[in-house]
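Student: coords please:
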Amino acid sequence: MIRLLTYNIRHARGLDGRIAPERIAAVVAACAADVVALQEVDCGRARTGGLDQAAEIARHLGMHHHFHPALEMAGERYGDAVLSRLPSRLVRAGALPGHPRRPRLEARGALWVEVEAGVQRLQVFNTHLGLSGRERIAQAEALLGPDWLGSPAARAPLVLMGDLNATPWSRAYRRLAARLSDARRLAAETAGRGATFPTRWPCLRLDHVLVGAGVGVRRVAVVRSGLAAVASDHLPLLAEIEIGAG
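Tutor: Residues are numbered from 1 along each chain as shown. All right, here's what the predicted structure looks like:
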């Protein structure tokens, strides 16, 4: 079994206004996750003390990490990361398309990491899609294209995790779910409605784990611990999977 976690950490700024990567690490540690997809991660930014947050959180957890800056400005970087306690290698990190008529929207990107799980190789994709429906569709199509999920190297088993900024009835979600399966729908055990945002009164299911062929899902749960309730404006989503299934 492999425990996956996807978590939008809002540059480790909690609802109490405190920036605390160590608190994010404590939330992750309590989940005993093997592979973690983080979004909204700062690196070298003045607002968070110039810290490399992916490296700092990984250090607290004793994990390897891979970081991709979707946004770079004057030496400051901001983007997504994959942490793993299993051996891993970065396959690809790159930008996703934006809105063709709104070039000032926040840049978005994705990471593709291959994780060694015994004799298996699990392909892990992490992304944070945009706020506009039109850009999300373009980004979903790009993820399904030959550079990412459509690549010959993206062989099963594989998972796509992240903050899709998309509810299950949105077009971008439906487009991705036509190629992959929502882990929540496959899980033998789930609890509640699966809403992850906002932390204080979660009512939207924006954070997702989608899986390809050969992945079985034991359990999917939104993490609602006391620390998670204050550490970010999103709650983490945990999925327990088995590869080589089905």
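
Student: list of residues touching the helix or strand of the chain with the lowest mean pLDDT?
Tutor: Lowest by mean pLDDT, DSSP states H and E among the helices and strands of the chain is strand 189-190, with a mean of 88. Applying C-beta atoms under 8 Å, 6 or more residues apart in numbering, the contact partners of strand 189-190 are Arg184, Arg218, Arg219, Val220, Ala221. Backbone N, C-alpha and C define where each C-beta goes, glycine included.

Student: helix or strand for the fourth one, which one?
Tutor: Val220 is part of strand 215-222 when elements are defined by DSSP states H and E.

Student: what comes up buried for stretch 73-93?
Tutor: For stretch 73-93, the buried set under the neighbour-count rule, 16 or more other C-beta atoms under 10 Å, comprises 76-85, 88, 91-93.

Student: make JSON lines out of the residues you listed and add secondary structure and pLDDT.
Tutor: Shown next, in JSON lines, are the buried residues of stretch 73-93 (DSSP: H, G, I helix; E, B strand; the rest coil; pLDDT from 0 to 100):
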{"residue": "Glu76", "secondary structure": "strand", "pLDDT": "95"}
{"residue": "Arg77", "secondary structure": "strand", "pLDDT": "96"}
{"residue": "Tyr78", "secondary structure": "strand", "pLDDT": "96"}
{"residue": "Gly79", "secondary structure": "strand", "pLDDT": "97"}
{"residue": "Asp80", "secondary structure": "strand", "pLDDT": "98"}
{"residue": "Ala81", "secondary structure": "strand", "pLDDT": "98"}
{"residue": "Val82", "secondary structure": "strand", "pLDDT": "98"}
{"residue": "Leu83", "secondary structure": "strand", "pLDDT": "98"}
{"residue": "Ser84", "secondary structure": "strand", "pLDDT": "98"}
{"residue": "Arg85", "secondary structure": "coil", "pLDDT": "97"}
{"residue": "Ser88", "secondary structure": "strand", "pLDDT": "97"}
{"residue": "Val91", "secondary structure": "strand", "pLDDT": "98"}
{"residue": "Arg92", "secondary structure": "strand", "pLDDT": "98"}
{"residue": "Ala93", "secondary structure": "strand", "pLDDT": "98"}
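
Student: just flag the most distant two among those.
Tutor: Glu76 and Arg85 (28.5 Å; C-beta to C-beta).

Student: give me the low-pLDDT residue ranges for this protein?
Tutor: Regions of the chain meeting the criterion pLDDT under 70 cover residues 100-104, 245-246.

Student: need the strands for it, in chain order.
Tutor: Assigned by DSSP state E, the chain shows strands spanning 2-8, 35-43, 64-73, 76-84, 88-96, 108-117, 120-128, 158-163, 181-182, 189-190, 207-211, 215-222, 237-243.

Student: tabulate these (CSV), appending distance to Pro152.
Tutor: Listed next are the strands of the chain as CSV, based on distance: least, C-beta to C-beta, whole Å:
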stretch, distance to Pro152
strand 2-8, 24
strand 35-43, 23
strand 64-73, 21
strand 76-84, 21
strand 88-96, 12
strand 108-117, 13
strand 120-128, 12
strand 158-163, 13
strand 181-182, 21
strand 189-190, 33
strand 207-211, 19
strand 215-222, 19
strand 237-243, 19
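
Student: buried sites along stretch 184-192?
Tutor: Neighbour counts using 16+ other C-beta under 10 Å place Arg184, Leu186, Ala187, Thr190 of stretch 184-192 among the buried residues.

Student: whoops, I mixed them up, stretch 37-48
Tutor: Ala37, Leu38, Gln39, Glu40, Val41, Asp42, Cys43, Gly44, Arg45, Thr48.
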